[in-house]
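Enquirer: next come a sequence and a model predicted from it.
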Amino acid sequence: MSLIGTLARLEAARDGRARPLATVRHRHIAGKPLVFVPLTTAGEAGAPLGALVGTERDAPRLLVVAQPRDRDLRSAFLAELADAMLPHIEEFADAVEREERKETDPATGRKVPVEVELCADAPQLVVPSAAGVEYVRLLGRSMRFRRTAEQDPDAPHPAPPRVPLLGRWLTHFGERSRVPGSSLLLAMTQVLGRHWATGQSVLEDQHLGALLAWIDPPEETSGAAAALRAELARDAEGLLVHPPAGPATDPVFDNKRLAPAIARYDQARTEVLRSSPHRFTTAHRALAGAELEIRDLLLGQLRPTWDAVWHGIDLLRALPEGARVGERWKRDRWSYTAHRDRVRAGEPPQPRRDDAVTAARKLSARETAQAQLDAQEALDDPLVMAGRRLAGEAFAGRVTDVVMEYSEAKIPRPRPLVTLRTQDAPHVADGVKLHRALPDGRAQSAEFVSHGPDGSLTVRLTGGMGRGKVPEAGSVPEPGDQVCWTLFEHAPRGGPELPEPEQTPWTHGGPPAAAAEAPDPVTAEDHL
Amino acid sequence: MRGHAFEARVKDDGGTGLIRLLCERLGDGPAPPPGPGDVDTPDLAASGPEGRTARTALALREATAAGRWALLDHPMLALSVAGTPAYLEPDAVVVHPDGGWTVVEIKSFAMVDGAADAAKVGAAARQAAVYALALEPVAERVDGASVRHRALLVCPKNFSNLPDAALVDLRKQLATTRRQLDRLTGVADIADGLPEGTTFDLCLADDGRTPTRPAEELAAAVDAVGAAYAPECLAACELAFHCRARSRAADAVQTLGRALRAELGGLTTIEAVLAAAAGEAGDPADPAVAALRRAARLRAESLETAGAASCP
C-alpha cells in the first residue's frame, strides 16, 4: 500500500468512517449479477451445508443439505445448485457480436484477419469474501470430473446430470478470478477494500459486515463502533448478532443450534424408515418439520450476508465507472466466449494440473494483466495517479513554455520542447521515455530532456502529432495547460509467445497426455 | 473431531502405512518399505510430563540403537522457552533404520491434487519446526542419531479420508524459530518487573471450570504486562481482542497493520502522523515527515480534481 493509502486509513481511524481510495469504480458490476453465498460444514473440509443463490435481491433461492454427511443429500444439493446457476451462466452464450481478430494461417504462416464470435455480455458471479472464491474453486474441482449415469452407466454413485458441467464453469470462474482486474468472479470484500480505506487493518477488512459498517454506518453511529458491533456483538445466548459471511459458520451456532437440529432430523429419518405403514404420514410430517427447521436456521445465517453483498453492490454502483473498465470487461467476455467454445466442442474438463505451456501462458497473461491494470487504474483515477506520482513514476504540472523544434531527418518532423513546472520528483534521467494520454485517448510518446533551474522539467515530444510538418491541432500542449506524463507505458504488452502445448520441449515434460483424466475414485467417506 | 478420527485412521495399522507413505515421498535409499511387523511402536506411557519426556528419550535411544523402523505415537518433548520448560506433544516421530528422526504432523485439512492451503501448511511447518528443535538436544546425546530437516505432513487426499503426504522443508522455519527463541526475554526477568503479587491464576472452583478470581483483578494483571499487538494476533491468540482495544485506545499506528509501522519512521501514534502530514507538527527535515506531507498534498489535490470533475 502506498503512503497515500496509509494516510487514508489513518484518516478513517481518526474520523471513524471509511475514506475513499479511488474516485471511480475500477471493476465492472453487471446489471444482473449472480450472487452466491455458500456455507460449509465445520470440520468436514469442503462439505456444503447450504447456500443462497440468485440474481434478484428479494428472491434468493435457498439450498440446504439437512445432513451434510449423507452422500445422496449432497448430490441433490449439487444438482439443485446446477439447476439454479447454469441457466444464468448459459443465458449469455447465444447473443453474440462479430469481432475481427488476427490469426496465423497454418498454411502460409501469415497473420490473416478472421471473423470470430464474441458474446455481447457475460455472467458475473459475486461472492462475499476471498474465502468464497476459494470455495467456488473447490466446488469446481470436486464436480468437474464426476461422471453422470449417461456418460458412464457402470460408475457407482453417478452424478446428477449437468453437475460436471457446472463444475467446469465454476473452475473457469475460479481460474479467471486470479487474473488481475477481471470481474467475472468478484469477492465483495476485495472490491470494497479496493475502493475504500477503513480505520482497521486489511486482515480485519476480510469481515464483510465490519467493512460495510465502516463504509456506510447506520445513522448516528460511527463506523468504528458499528464495525466493532458487527464483529463481536453476541445475543443473550452467545450467538453472533451478525453471522459471519462464511463459508465457515460460527462455532457457537454450530453447537447450540445446528447440531441439535441435525440430530432431530436424523432421528426423524430413522423413524420414517422404521415406522409401520399406518404411522407413515405422521413420521413423514415430522421429517419435513425437522428439515424446515434446518432451512430456517440456515436462512437466518445466510440472509444477513446476502443483504450485505447487495448493499455492497449498491455502494459500488453509486461510483462512476472508470473509463477503461469496459475494456477490461471485454477481456472477461472473451474468456467467457472461449470457455463456451471449449464446452461446445466437447473438450474434456480442465486438468487437475496445468501442463507446462498452459501454466507458463497463464502466468504470463496474469503478469501482463497486472501491468495493464496498474496503468489503466492510474489513467482512470487521479487518486491512483497521485500514488504513482508520489512513487516517482509520473509527474504532473502546468506548462510554462513551448519551443518548436524539428528533427534533422530529410523530411523534418516536429519535435517540440515543452517545459512544465511541477512539485513532483520523478525518477528521470536523460532520454527516459515518457507517455501522456491525449484528449482523444491515444498515447503520445516523449522523452525527458533536462531539469530546469527552478524545479521545472523540459520534455521533448516524439510522436502522436500526425504526419505533417505542422503538428495536428491539440497534439501539442500550450502554455497554461495542465499535463501529466508517466514513466510507465499505457498499454503494456506481454512477453514473447510460447510454443503450442504439442511442442512442449522435453525439458518441460514433453507434450501433455491427450487422454482426459479419470474421475476421483469413490470412497466410503467422501465428503464433497 | 474429524482431526482425531483422521489421525486414528492414519495410525491404526501400527504405523506401517504411515512409514510406507514416508518411504514413497522420500524416494531415496534401496531399503524396501517395511511390511507388517517391521515397525516397532514402543509404549510411551509414564506419569507426568517429566516422566513421559524421559520415557520418550529412552525410547528414541533404544529405537535408534535397534536400527529398525520405529513409530513413536504422541511422544513428549521438552523445550526451554524463555528459561522455562515447555512440554510438547507431536503427532508422531519416526525413527529410520539409519538413525534419522522425522517429525510427522497429521492435519485434517484437505490436500487437493497435491496442494493445500498455503497459510495452513505454513502454520503446520512452523509447528513441526518447534518439535524438530525440541528433538535436537535429545539427538545430540544419542550415538548416530540426527534430526531430519524435512517433516512429513499427512493430510486427507482430495475429498476423501485416505491419507496423502508431502515432505515439508523446515530449514527456514528452524532458523527463524531458533532466532526468536534466543531473543525472548526470560520469564524471570519479566516477572521481576511486575508488581508484587501479580498472578494469572484463575483460582478455579471445585468443579474445575468456574474461575473464582474477580475479572478486574485478572484484567489488572494482564494490563501489567506489556503487549506488542499486531492484527496478525487476531488469528492466533485469545487475548488479541483485549490487546487490540488497548492498542486502539493508545492510538497506535500498528493497530492498522505491521507494514504501516515500517513506513512511518519514528511516528507511532495516529494523531502524530496526521499532525505531521497536515504540517502542524514534526520536523520537515525528517524524510518520513517530508514524504507524508507530499502524500497528503497529492491526496488532497487529486480528491479535489476528482470532486470538481464529477460535480460540474
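Expert: Ah, there it is. Numbering: from 1, shown residues only, chains lettered A, B, ... in the order given.
Enquirer: only C-alpha atoms for contact and neighbour calcs from this point on.
Expert: Fine.
Enquirer: a strand runs through B:A45, doesn't it?
Expert: No: read with DSSP: H, G, I helix; E, B strand; the rest coil, B:A45 is coil and lies in no strand.
Enquirer: quick one: name the residues of the stretch 351-500 of chain A near chain B.
Expert: A:R352, A:R353, A:D381, A:P382, A:L383, A:A386, A:G387, A:L390 (Cα under 8 Å from any Cα of the partner chain).
Enquirer: what's the pLDDT at residue 165?
Expert: Picking chain A for this. A:L165 is assigned a predicted lDDT (pLDDT) of 93.
Enquirer: oops, wrong one, chain B.
Expert: 92.
Enquirer: which SS class is it?
Expert: Per three-state DSSP, B:A165 ends up strand.
Enquirer: ok, it - contacts?
Expert: By Cα atoms under 8 Å, 6 or more residues apart in numbering or on different chains, the contact list for B:A165 reads B:L21, B:L22, B:R25, B:L152, B:L153, B:V154, B:C155.
Enquirer: for ChimeraX, write the select line for the buried members of the residues you listed.
Expert: Applying 16 or more other Cα atoms under 10 Å in any protein chain shown to the contacts of B:A165, the buried members can be selected in ChimeraX as follows:
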select /B:21,22,152,153,154,155
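Enquirer: with secondary structure, pLDDT and distance to A:L52 added, can I get the contacts of B:A165 in a markdown table?
Expert: Formatted as a markdown table, those follow (DSSP: H, G, I helix; E, B strand; the rest coil; pLDDT from 0 to 100; distance: Cα to Cα, whole Å):
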| residue | secondary structure | pLDDT | distance to A:L52 |
| --- | --- | --- | --- |
| B:L21 | helix | 86 | 41 |
| B:L22 | helix | 88 | 43 |
| B:R25 | helix | 86 | 42 |
| B:L152 | strand | 94 | 39 |
| B:L153 | strand | 95 | 35 |
| B:V154 | strand | 93 | 34 |
| B:C155 | strand | 91 | 30 |
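Enquirer: out of the contacts of B:A165, which comes closest to chain A?
Expert: B:C155 (11.2 Å; Cα to the nearest Cα).
Enquirer: quick one: contacts for that closest one?
Expert: Taking Cα under 8 Å, 6+ apart, one finds B:I106, B:K107, B:S108, B:F109, B:A110, B:M111, B:P163, B:D164, B:A165 in contact with B:C155.
Enquirer: relative to chain A, how far out is the third one?
Expert: If you measure B:S108 against chain A using Cα to the nearest Cα, to the nearest Å, the figure is 8 Å.
Enquirer: low-confidence regions, the stretch 1-150 of chain A specifically.
Expert: Counting by pLDDT under 70, the stretch 1-150 of chain A has low-confidence residues at A:1, A:45.
Enquirer: and if you look at chain B?
Expert: B:1-2, B:28-31, B:308-312.
Enquirer: which residues of chain A lie near chain B?
Expert: So far as Cα under 8 Å from any Cα goes, chain A lies against chain B at A:3-4, A:6-7, A:9-11, A:13-14, A:23, A:43-46, A:142, A:199-204, A:352-353, A:381-383, A:386-387, A:390, A:523, A:525-528.
Enquirer: measure how buried residue 36 is and give me the count.
Expert: In the absence of a named chain, chain A is used. 23 (other Cα atoms under 10 Å in any protein chain shown).
Enquirer: think we crossed wires, I meant chain B
Expert: Neighbours around B:P36, by other Cα under 10 Å: 11.
Enquirer: do B:A240 as well
Expert: The burial count for B:A240: 18, using other Cα under 10 Å.
Enquirer: quick check: the residue of the stretch 101-250 of chain B nearest chain A.
Expert: B:S160 (4.2 Å).
Enquirer: could you look up the SS state of that residue?
Expert: coil.
Enquirer: what ranges does chain A have for its helices?
Expert: For chain A, helices defined by DSSP state H occupy the ranges A:3-15, A:71-90, A:130-144, A:163-176, A:188-195, A:208-215, A:223-232, A:251-253, A:259-274, A:280-317, A:325-344, A:356-380, A:382-390.
Enquirer: adding mean neighbour count as columns, could you present these in CSV?
Expert: Below are the helices of chain A laid out as CSV (neighbours: other Cα atoms under 10 Å in any protein chain shown):
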stretch, mean neighbour count
helix A:3-15, 22
helix A:71-90, 18
helix A:130-144, 22
helix A:163-176, 23
helix A:188-195, 20
helix A:208-215, 28
helix A:223-232, 21
helix A:251-253, 14
helix A:259-274, 17
helix A:280-317, 18
helix A:325-344, 18
helix A:356-380, 18
helix A:382-390, 25
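Enquirer: looking at these, which is nearest to B:G279?
Expert: helix A:3-15 (13.7 Å; Cα to Cα).
Enquirer: about what we covered before: can you redo the contacts of B:A165 as CSV with distance to A:G474?
Expert: Shown next, in CSV, are these (distance: Cα to Cα, whole Å):
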residue, distance to A:G474
B:L21, 71
B:L22, 71
B:R25, 67
B:L152, 67
B:L153, 65
B:V154, 67
B:C155, 65
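Enquirer: quick one, domains of chain B?
Expert: B:2-183, B:264-305 (automatic domain parsing).
Enquirer: fine by me, we can end here.
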